[in-house]
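Chemist: Next comes the sequence, and after it the predicted model I'd like to discuss.
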Amino acid sequence: MRLRSVFMTLICFSIVAGLAVRRDQAGDAPTERLPVLRTSAPQFFKGNLHTHSLWSDGDNFPELIADWYKTHGYHFLALSDHNILSEGQKWVEADLQTGKRREALKKYLARFGPQWVEQRTVKGKNQVRLKPLAEFRSVLEEPGRFLMIQGEEITHRFGRNPVHMNAVHLRDVIQPVDGDSVEETIRVNQRAFADQRKRVGRPMLLFLNHPNFGWGVRAEDFVGIEALRFFEIYNGHPGVRNYGDEWHASCERMWDIVLSLRLGKLNLPVIYGVATDDAHRYHEFNSKNSNPGRGWIMVQAPYLTAEAIVQAMHEGRFYCSTGVTLKDVRFSNGSLSVSIRPEKGVTYKTQYIATMRGTPLESEPVMKDGKPIAATARYSSDIGKIVLESDKLESSYRLTGKEWYVRARVISSKPHPNPYRPGDVEMAWTQPVVP
């Protein structure tokens, strides 16, 4: 009986093994035989999410723009032309903008060759075909090194007030939607974006652009929009008025006001700050032109994919920079810590900025010539106070629980090589954390 039992066991084992072999031969290989996809350690990827090309009002071909960013150490780039995606058929005249378009074409031919550059003559005028993103991205993209992301600047206005928003990693163009106020214009276009994100079913990101451009958007216009989680605190275009003026708050001041009101009064989540180029001009570099290379984000993600970049940004795992590089930004055990990667001969100052619980949140209108004007209101000077300052390369601030939020700003002594405003130095901003 024992021999028969052993014999039957061996037969069953052989049948099971045979089935396993047949499954393997049929292509259904056992899991243990497949290579394991190992998780990469998160690293910082440098990128820009606001850039214009000849698809709208930029003065260069998209491949040359992407090539510039790639060769200058960027890992990802979104072309965000006005109310259009880089797709479909579009031809541009090569002889417009005296000298500039011809200069662009000359560089285009030199870099990519006459077989790549498509030209034609229509009514005696030379035209060049713009390559869609789907057509040229494979020429420039490299796994782990450089990535192109689909983008659009949803360009609209309410009355005379410009209202612009950047949509990132979208699939379809979003046509601007009218609202009955600046705030409602932001809301309805955010909803159009959210509808596409839900319909397409992939991670996407939306941020409000340059609120001080044309003095178009006040802090009060977007503070209560819960779904809006990002806005530009720095934009490299010389016409966007990052620093405000006597009557208008700077974009960074808006950030502290919005954070304080959202956390201290409205019970809403934090809003993250974004730095971008908003580049339009690629042939003459000076502070009067909207050039590339002025401001960017450093995103800490395990992989260089659009999904990983967008997800990391939604989690606040990125910082903004105009030149300062951080080794690490960490929030753990109740402390916000900043570690700077130094340059020889450059000094640094790290400022930790917070608004404490109980800070007055009342405001009063800005008056000019005895009349209130449409500008971000005046708030307490205790909003966005410096609570700690350090000149060390590594520093930290331990939250006491009395803060609504804490963020860090790093100011270097190094002049920006092509500044937004003459005299600017290189800086960095971390994202806010809450107790």
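Modeler: Perfect, I can see it now.
Chemist: shaky segments in the stretch 1-150 of the chain?
Modeler: 1-40, 96-99 (pLDDT under 70).
Chemist: Do a quick rundown of the strands in it.
Modeler: With strands called from DSSP state E, counting those that start in this stretch, the stretch 1-150 of the chain shows them at 43-48, 76-79, 91-93, 119-122, 125-129, 147-158.
Chemist: Name the stretch among those that sits most buried.
Modeler: Neighbour counts (mean count of other Cβ atoms under 10 Å) averaged over each of the strands of the stretch 1-150 of the chain peak at strand 76-79, with a mean of 26. Placement of C-beta: from N, CA and C, glycine included.
Chemist: picking up where we left off before, which of the strands of the stretch 1-150 of the chain sits closest to V387?
Modeler: Nearest to V387, of all these, is strand 43-48, at 25.8 Å by Cβ to Cβ.
Chemist: which non-adjacent residue is nearest D59?
Modeler: K100 (5.3 Å; Cβ to Cβ, 6 or more residues apart in numbering).
Chemist: Look up how far A279 lies from that neighbour.
Modeler: In this view, K100 and A279 are 14 Å apart by Cβ to Cβ, to the nearest Å.
Chemist: More neighbours: which of these two?
Modeler: Higher neighbour count among K100 and A279: A279, with 26 against 15, using other Cβ atoms under 10 Å.
Chemist: residues in contact with G401?
Modeler: P435 (Cβ atoms under 8 Å, 6 or more residues apart in numbering).
Chemist: If we use 10 Å, what do you get?
Modeler: G334, R357, P435 (Cβ atoms under 10 Å, 6 or more residues apart in numbering).
Chemist: Check the burial of the last one by counting its neighbours.
Modeler: Just to be clear, that refers to P435. Neighbour number of P435 under other Cβ under 10 Å is 12.
Chemist: could you redo the strands of the stretch 1-150 of the chain as TSV and give each row distance to L388?
Modeler: As requested, those are exported to TSV (distance: least, Cβ to Cβ, whole Å):
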stretch	distance to L388
strand 43-48	24
strand 76-79	33
strand 91-93	52
strand 119-122	59
strand 125-129	54
strand 147-158	36
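Chemist: and of the ones you listed, who's closest to K371?
Modeler: Of all the strands of the stretch 1-150 of the chain, strand 147-158 comes closest under Cβ to Cβ, at 21.1 Å.
Chemist: For beta bridges, what are the partners of V122?
Modeler: Beta-bridge pairing for V122 (DSSP bridges): K125.
Chemist: you'd agree it is up against E93?
Modeler: Yes: with contact defined as Cβ atoms under 10 Å, V122 counts as touching E93 (8.6 Å).
Chemist: what residues are up against the residue nearest to D59?
Modeler: Counting by Cβ under 10 Å, 6+ apart, K100 has contacts D59, N60, R281, Y282, H283, E284.
Chemist: Which two among those residues are spaced furthest apart?
Modeler: Farthest pair in these (Cβ to Cβ) is N60 and E284. Separation: 11.5 Å.
Chemist: Could you dump the contacts of K100 into TSV and include distance to G151 and neighbour count?
Modeler: As requested, the contacts of K100 are exported to TSV (distance: Cβ to Cβ, whole Å; neighbours: other Cβ atoms under 10 Å):
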residue	distance to G151	neighbour count
D59	18	22
N60	16	26
R281	19	19
Y282	17	24
H283	22	15
E284	24	11
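Chemist: Now distance to I309 too, for those residues, in TSV please.
Modeler: TSV is the format used below for those (distance: Cβ to Cβ, whole Å):
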residue	distance to I309
D59	27
N60	24
R281	26
Y282	24
H283	29
E284	31
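Chemist: Now do the buried residues in stretch 307-324.
Modeler: By neighbour count with 16 or more other Cβ atoms under 10 Å, stretch 307-324 contains the buried residues 308-313, 316-324.
Chemist: One more: stretch 281-299?
Modeler: Buried-residue list, stretch 281-299, by 16+ other Cβ under 10 Å: 281-282, 287, 289-299.
Chemist: And stretch 131-142, by the same measure?
Modeler: Here stretch 131-142 shows K131, P132, L133, F136, R137, L140 as buried, counting by 16+ other Cβ under 10 Å.
Chemist: how much space is there between the first one and W55?
Modeler: Counting by Cβ to Cβ, the gap between K131 and W55 amounts to 10 Å.
Chemist: Repeat that for A312.
Modeler: In terms of Cβ to Cβ, A312 sits 27 Å off from W55.
Chemist: Next: R218.
Modeler: The gap separating R218 from W55 is 31 Å, by Cβ to Cβ.
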